[in-house]
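Asks: Prediction below, plus the sequence it came from.
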Amino acid sequence: MFRPANRQLAHSFARLSLSATVRPAYRSAAFARIAPVVGVSSSRSYSAKPPQRPKKNNNSGNNGGRWEPGQEKKDLGENQTPPESSESPARPLPDGWVRLTEEEVRHLEYFFKNTPPMKGSTKFDHVFEDLKKYGAPLEVREMIAKQKAGSLGMMDGIKAVRALSKFIDEIPNMTQNAQNNTFTSNKPGQQDNAFRDEGKEQGERQQQEQQQQSQEDQRQQQHRSQSTGNKENQKGGPEPPRFDVGEMAVGIGGLIIFYTFYSMFSGESSREITWQELRKNFLDKGLVEKMVVEEDRVRVYLNREATQSVYPDSVAARPGFHYYFSIGSKDAFERRLDEVQAELGIPSSDRIPVSYASPGVVQNLLFAFGPTLLLIGLLGFLSRRAGGMGGGGGGGMFGFGKSKAKMFNQDSAVKVKFADVAGMDEAKLEIMEFVSFLKSPERFQRLGAKIPRGAILSGPPGTGKTLLAKATAGESQVPFFTVSGSEFVEMFVGVGASRVRDLFSTARKNAPCIIFIDEIDAIGKSRAEGGGFRGGNDEREATLNQILTEMDGFNTSEQVVVLAGTNRPDILDQALMRPGRFDRHIHVDRPTMKGRQDIFKVHLKQIVTKEDIEHLTGRLAALTPGFAGADIANAVNEAALVAARANATSVEMIHFEQAIERVIGGLERKSLVLSPEEKRTVAYHEAGHAICGWFFRWADPLLKVSIIPRGQGALGYAQYLPSSDAYLMNTNQLMDRMAMTLGGRVSEELHFPTVTTGASDDFKKVTRMATTMVTQWGMSEKVGPLHFKSDENTLQKPFAESTAQTIDAEVRRIVDEAYKQCKDLLIARKKEVALVAEELLRKEMLTRDDLVRLLGPREWPDKEEFTKYFDGKQGTAPPPFPTESTDSPNEPQPAMFEKKADEPPVEDAKN
Ligand SMILES: Nc1ncnc2c1ncn2[C@@H]1O[C@H](COP(=O)(O)OP(=O)(O)OP(=O)(O)O)[C@@H](O)[C@H]1O
């Protein structure tokens, strides 16, 4: 009767078996765990027959009664079902089971009893009995055959255990049916009464045995029967058949594991010997069972049982062990063996069988082509990885070919929406089309419209190109891949292209989705650029070509939108911009006054402030012409930090103004101490700028003038409110601006015996402005309406030498005119300059109100936003917008400083 406890045991044993066969390192540990389990079944009381002795050869009387090789074969063919004894008539077996031959069982038994650590043990005797009577899975027979051939592997053991565990799984059915006195086979509908018959038969036999056995055995038997919980027994009925299928399976499982494990890992499995040793030790004593010739050597298989009796402690008798010796030629070996056998008087019918192992076709082919195939495979693998030549990138060597794009999807969601992007209504409108395409493509396809492939977002840094792309993904609710153009560039050729392939293939898998390539100019530069100075650009070109190919590869229904951001659309390859690739070109400019106000509103949402938002944002927007969205975000955050530093409960106007001042001019340099003479020079220099700004009609209205050093190298500055949204400037405005810029130096000339280096940056601006007027804006009569593109990277000038001279002369003329205009004013207003300079020396910083107090109201009407937000009632002092500065002699000008000074027209002049 199968006991649930045993079933559990059997299952755990099957699991344990697998791990034991798979991990040889745990050999002893596994065995230690197996042994107690096996020990459970050893308490059964089957009668164990003593191990059979090797049969003597009765056919040949001339060999001294030694063991005759081939005897077993003759008596009992290998793998041949033994003739059933009268005790055990043929009975059906479970599916997939075979009845082992006597020789096979004996082989197993011998293995057990001669392999440490089970040497001499009789604990498994009942298992061998079971094997004889009930058979075993076919896999066990195959294992035995392989072990004999020396090719038993781990998989054979695993297969056998699997077959057994399949059988174990069926045990509950058998147990159930056994209670109803029937066992069912695996096949539905087919009755298999193998174990029922076996059980009955065994029960009867055991009852007979029990009568013959000693009293003590009987008591032990009864005790055991009781402990199995047999119901009939408890009821006091007749002794039932004591057959326990689960217990038997556990026993066979243990046997399989032991057999596989120790066959494979029981130390030395072969040893070379000489022909002389073979002859003296084994041939002469008749211990050789067979020989197998393999190429240039011969395996010798000894009859183990005979060898064991002759050499009890030798390794030669160990299961799975064999000797081998080398041969010069097969003919010579056969001749020699014949001679020896003739000498020993062995009749030709009993001679040692010799077989020839042929390596087989596959093995031959492998030997011939294996190394070459391996080499080709290795090279293919490496080149595939290095160049990422496989479809979809394939990873690249050490992962180089994999795209580094970051992916955002619904989970790691892009939370940005169009509402978070302010001040670029037209750009939003344009890109909105992509959203509707991604959301409802059928609307477009129905009318036969081709879907736009992508768009280039161009514009100055920080204007919100990335933000806009993210918002597009956020609105469309699709995955968003973002990658920077520079991430495609690597030192290995082909990696960029591979990454592009990988990116697009991932995107296709995640369609509909958006790819955003930031700084596309890193790879998308015009291939014609660079003229004769090219070199090392092949990798970049290959990457660009790959992008072009991938974009061509989209079919119109593929919902992958490619957006790209750049600050330099002018240098992009024209192939990128053609229809069918980046169809749309969306320019995102610096925000207008209204745009800045909206952006301030977006960022002020997270700020605690009690100010009136409408007025606050208007004033801040007016103070920050030329600011990009990123500058605004930075200024707002800076204001909150300033307020926190001052322990304020809310961020106030003063904090915003200080923050803007800091963003524009940099940190105050309190550590920079100027001498009184230097300070005086700076004061007169700045006063010169301030007076020009106050009295020239077309100059920008002054907001603030200061002589506190800030940032890198600015010793003082005058700040104006430029005509922020003016995109056109006339000659008058340009001349006034140039004259105002020269005001610092002219003032120094007028008030000091010598001049300083402080006006260097002013000269640079004036020269650039004048040059642009002559060469690009057609503001010189002599040069005329011509545009000469100035490119500092090219050595050739786009004009003749004579034109160059004319340009030089015209630039000089314009600057001279501005200088004269400035000098005339400052001579006329020398007293006012001194007035402002002395006040500046006293207070270090003057506001517009101070100037009104010192100079009277400005003669020219102020701009509307100026009067609206700077009426002197709000705020302490207008923050700086440094348009003019006094340079320190040695230090470079801050880039920010210069840039703001020329907004917006001179920015164009750079091109
Ligand atoms: N129009 C805007 N509305 C709101 N915030 C903005 C806007 N433009 C920029 N910002 C802020 O500036 C930050 C930086 O902007 P973003 O990275 O999009 O600029 P970009 O144009 O892509 O810059 P770059 O050319 O240097 O890559 C944004 O995270 C956002 O906080």
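Replies: Noted; the coordinates are in hand. Residues are numbered from 1 along each chain as shown.
Asks: phi, psi of the nearest residue to residue 436 once chain neighbours are set aside?
Replies: Leaving aside its sequence neighbours, residue 436 sits nearest to residue 443 (C-beta to C-beta, 6 or more residues apart in numbering; 6.7 Å). C-beta: built from backbone N, CA, C; applies to glycine. Per-residue torsions, residue 443: phi -60, psi -40 (degrees, to the nearest 10).
Asks: Excluding sequence neighbours, find me the nearest residue to the residue of the chain found nearest the ligand.
Replies: Nearest residue of the chain to the ligand (C-beta to the nearest ligand atom) works out as residue 629 at 2.1 Å. Nearest-residue entry for residue 629: residue 464, 4.3 Å, with adjacent residues in sequence omitted and distances by C-beta to C-beta, 6+ apart.
Asks: ok, how many other residues are close to that neighbour?
Replies: Using other C-beta atoms under 10 Å, residue 464 has 27 other residues around it.
Asks: re earlier: tally of neighbours for the residue nearest to residue 436?
Replies: With other C-beta under 10 Å as criterion, residue 443 counts 11.
Asks: Please verify my assumption that it contacts residue 435.
Replies: No. Taking C-beta atoms under 8 Å as the definition, residue 443 is not a contact partner of residue 435, at 11.7 Å.
Asks: mind listing the strands for the stretch 201-350 of the chain?
Replies: 270-272, 288-294, 297-302, 322-326 (DSSP state E, counting those that start in this stretch).
Asks: can you redo those as CSV with distance to residue 439?
Replies: Output for those, formatted as CSV (distance: least, C-beta to C-beta, whole Å):
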stretch, distance to residue 439
strand 270-272, 73
strand 288-294, 72
strand 297-302, 75
strand 322-326, 75
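Asks: circling back: what sits against the residue of the chain closest to the ligand?
Replies: 422, 423, 462, 463, 464, 467, 591, 599 (C-beta atoms under 8 Å, 6 or more residues apart in numbering).
Asks: which residue sits closest to residue 251 in space, ignoring its chain neighbours?
Replies: Using C-beta to C-beta, 6+ apart, the nearest residue to residue 251 is residue 127, at 4.0 Å.
Asks: Please produce CSV containing the strands of the stretch 201-350 of the chain, extended by distance to the ligand, mean neighbour count and mean pLDDT.
Replies: Output for the strands of the stretch 201-350 of the chain, formatted as CSV (distance: least, C-beta to the nearest ligand atom, whole Å; neighbours: other C-beta atoms under 10 Å; pLDDT from 0 to 100):
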stretch, distance to the ligand, mean neighbour count, mean pLDDT
strand 270-272, 71, 11, 78
strand 288-294, 71, 19, 85
strand 297-302, 73, 20, 85
strand 322-326, 74, 17, 84
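Asks: between these, which one is nearest to residue 309?
Replies: strand 297-302 (11.6 Å; C-beta to C-beta).
Asks: Near the ligand, which residues of this structure? Just list them.
Replies: Within reach of the ligand by C-beta under 6 Å from any ligand atom, the chain has these residues: 421-424, 461-467, 518, 565, 567, 599, 602, 629-630, 633.
Asks: Buried ones among these?
Replies: 421-424, 462-467, 518, 565, 599, 602, 629-630, 633 (16 or more other C-beta atoms under 10 Å).
Asks: In helices, which of those residues appear?
Replies: 465, 466, 467, 599, 602, 629, 630, 633 (DSSP state H).
Asks: Please tell me I have it right and the third one contacts residue 416.
Replies: Yes. Counting by C-beta under 8 Å, residue 467 touches residue 416, with 6.4 Å between them.
Asks: Run a quick neighbour tally on the residue lying closest to residue 144 once chain neighbours are set aside.
Replies: Of all residues not flanking residue 144 in the chain, residue 104 sits nearest, at 5.2 Å (C-beta to C-beta, 6+ apart). When counting by other C-beta under 10 Å, one arrives at 25 neighbours for residue 104.
Asks: Helix or strand: which one has residue 104?
Replies: Using DSSP states H and E, residue 104 maps to helix 102-114.
Asks: Could you write out the alpha-carbon coordinates of whatever helix or strand comes next after that helix in PDB?
Replies: Where DSSP H and E defines the elements, the next helix or strand beyond helix 102-114 is helix 125-134. Below are the C-alpha coordinates for helix 125-134, written out as PDB (Å, rounded to 0.1, in the frame of the first residue of the first chain):
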ATOM      1  CA  ASP A 125      19.400  -6.200  -2.200                       C
ATOM      2  CA  HIS A 126      15.600  -5.700  -2.200                       C
ATOM      3  CA  VAL A 127      16.000  -3.200  -5.000                       C
ATOM      4  CA  PHE A 128      17.700  -5.800  -7.200                       C
ATOM      5  CA  GLU A 129      14.900  -8.200  -6.400                       C
ATOM      6  CA  ASP A 130      12.400  -5.600  -7.400                       C
ATOM      7  CA  LEU A 131      14.300  -4.900 -10.600                       C
ATOM      8  CA  LYS A 132      14.200  -8.600 -11.500                       C
ATOM      9  CA  LYS A 133      10.500  -8.900 -10.800                       C
ATOM     10  CA  TYR A 134       9.100  -5.600 -11.900                       C
END
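Asks: list the helices and strands helix 125-134 packs on?
Replies: Applying 3 or more C-beta pairs under 8 Å, 6 or more residues apart in numbering; DSSP states H and E, we find helix 125-134 packed against helix 102-114, helix 194-212, helix 245-265.
Asks: can you rerun that using 6 Å?
Replies: Under the contact criterion of 3 or more C-beta pairs under 6 Å, 6 or more residues apart in numbering; DSSP states H and E, helix 125-134 touches helix 102-114, helix 245-265.
Asks: got the angle between it and helix 102-114?
Replies: 170 degrees (axes from the mean of the first three to the mean of the last three C-alpha atoms, to 10 degrees).
Asks: strand partners of the next helix or strand after helix 125-134, parallel vs antiparallel please.
Replies: Using DSSP H and E, the helix or strand that follows helix 125-134 in sequence is strand 136-137. As defined by DSSP bridges, the strand partners of strand 136-137 come to strand 97-98 (antiparallel).
Asks: mind listing the helices for the stretch 301-450 of the chain?
Replies: 304-310, 330-343, 361-387, 425-439, 442-445 (DSSP state H, counting those that start in this stretch).
Asks: most packed of those?
Replies: Stretch with highest mean neighbour count among those: helix 304-310 (a mean of 21; mean count of other C-beta atoms under 10 Å).
Asks: okay, that helix in CSV with CA atoms only?
Replies: Coordinates of each C-alpha in helix 304-310 appear next as CSV, following Å, rounded to 0.1, in the frame of the first residue of the first chain:
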residue,chain,number,x,y,z
ARG,A,304,34.9,-7.7,-14.1
GLU,A,305,33.8,-10.5,-11.9
ALA,A,306,36.6,-12.7,-13.0
THR,A,307,39.1,-9.9,-12.6
GLN,A,308,37.7,-9.1,-9.2
SER,A,309,38.3,-12.7,-8.1
VAL,A,310,41.9,-12.6,-9.4
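Asks: Kind regards, and thank you for your time.
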